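Trainee: my questions are about this predicted structure, shown below with the sequence.
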Amino acid sequence: MRKALLAPVLLSGALLLAAFPAPAQQQSDSYKFLSAVREAKGNDVLAILNKPGSTIINTRDVTSGEGALHIVARRGDETYLRFLLQKGADPNLRDGRGNTPLLAAVNAGHAGLIPVLAAARANVNLGNGAGETPLIRAVQRRDIAMVRALLAAKADPDQADTLAGKSARDYAHVDTRSPAMTKLIDEVPKAQARNVAGPKL
């Protein structure tokens with residue numbers, strides 16, 4: 001009698017399991033793509049991007065909002081960066097905090113990626129949610145190589161952030177530990193500074 005009573009329960013349990021597949025089977029192409037990029041699984045990345053009609057290149061992580069370019073910029077992977085840009089990745093894609101791939105590269109200290117992103121039309125004056133531009137972050141890091149690369153890419157030293165209302169030039173003058181960096185920024189006359197960032201968040 002117990003077997004007869006348990007049979008419907010077991011059957012309904014089996015039907016529920018069939019209705020809800022294992023997490024690995026539920027993963028979307030977006031999740032698989034970003035995971036493959038994170039793990040540098042080139043073959044998997046290619047397979048997903050080469051699917052007919054694929055528009056996944058600018059997909060964003062549901063929790064952080066970061067895209068594939070953010071991931072590779074943060075780890076300083078120039079090869080992947082160039083590949084994704086060639087595949088149509090948006091160099092101005094913003095994550096959940098408004099950070100662009102260029103800001104991700106600057107925050108991680110990868111000066112060599114700045115010219116690559118600038119050549120791909122990354123907006124060097126696009127600030128994050130706090131209005132911090134890549135140049136402001138480079139000055140705050142006291143990284144003269146990044147400051148030089150950003151100024152060469154036409155970064156505006158007089159564009160202010162939204163929290164403190166200070167520009168890269170202001171931050172350079174406040175922090176006296178890097179006079180060479182301040183001198184470099186001061187070589188850009190204020191009259192020539194350009195604000196091309198558009199509306200801030």
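Mentor: Arrived safely, thanks for sending.

Trainee: which residue ranges make up each domain of this protein?
Mentor: The record's domain parsing of the chain by automatic domain parsing lists 27-123, 128-196.

Trainee: residue 122 reaches residue 102, doesn't it?
Mentor: Yes. Checked against C-beta atoms under 8 Å, the pair residue 122 and residue 102 is within contact range at 4.7 Å. Yep, even glycine has a C-beta here, placed from its N, CA and C like the rest.

Trainee: what sits in contact with each of the two?
Mentor: Common contacts of residue 122 and residue 102 (C-beta atoms under 8 Å, 6 or more residues apart in numbering): residue 91.

Trainee: those two: which has the busier surroundings?
Mentor: Each of residue 122 and residue 102 has its neighbours counted (other C-beta atoms under 10 Å); residue 102 has more, 31 against 27.

Trainee: is that one in a helix, a strand, or coil?
Mentor: What DSSP: H, G, I helix; E, B strand; the rest coil gives for residue 102 is helix.

Trainee: ok, it to residue 49 distance?
Mentor: As judged by C-beta to C-beta, to the nearest Å, residue 102 and residue 49 stand 22 Å apart.

Trainee: spatially central residue for the protein, please.
Mentor: Centroid-nearest residue in the chain, with C-alpha atoms, centre = their mean: residue 70, separated by 2.6 Å.

Trainee: quick one: neighbours of the nearest residue to that one once chain neighbours are set aside, just the number.
Mentor: In space, and not counting its chain neighbours, residue 70 is closest to residue 104: 4.7 Å by C-beta to C-beta, 6 or more residues apart in numbering. Neighbour count for residue 104, taken as other C-beta under 10 Å: 25.

Trainee: if I look at residue 104, how far off is residue 168?
Mentor: Taking C-beta to C-beta, one finds residue 104 at 18 Å from residue 168.

Trainee: repeat for residue 162
Mentor: According to C-beta to C-beta, residue 162 and residue 168 sit 14 Å apart.
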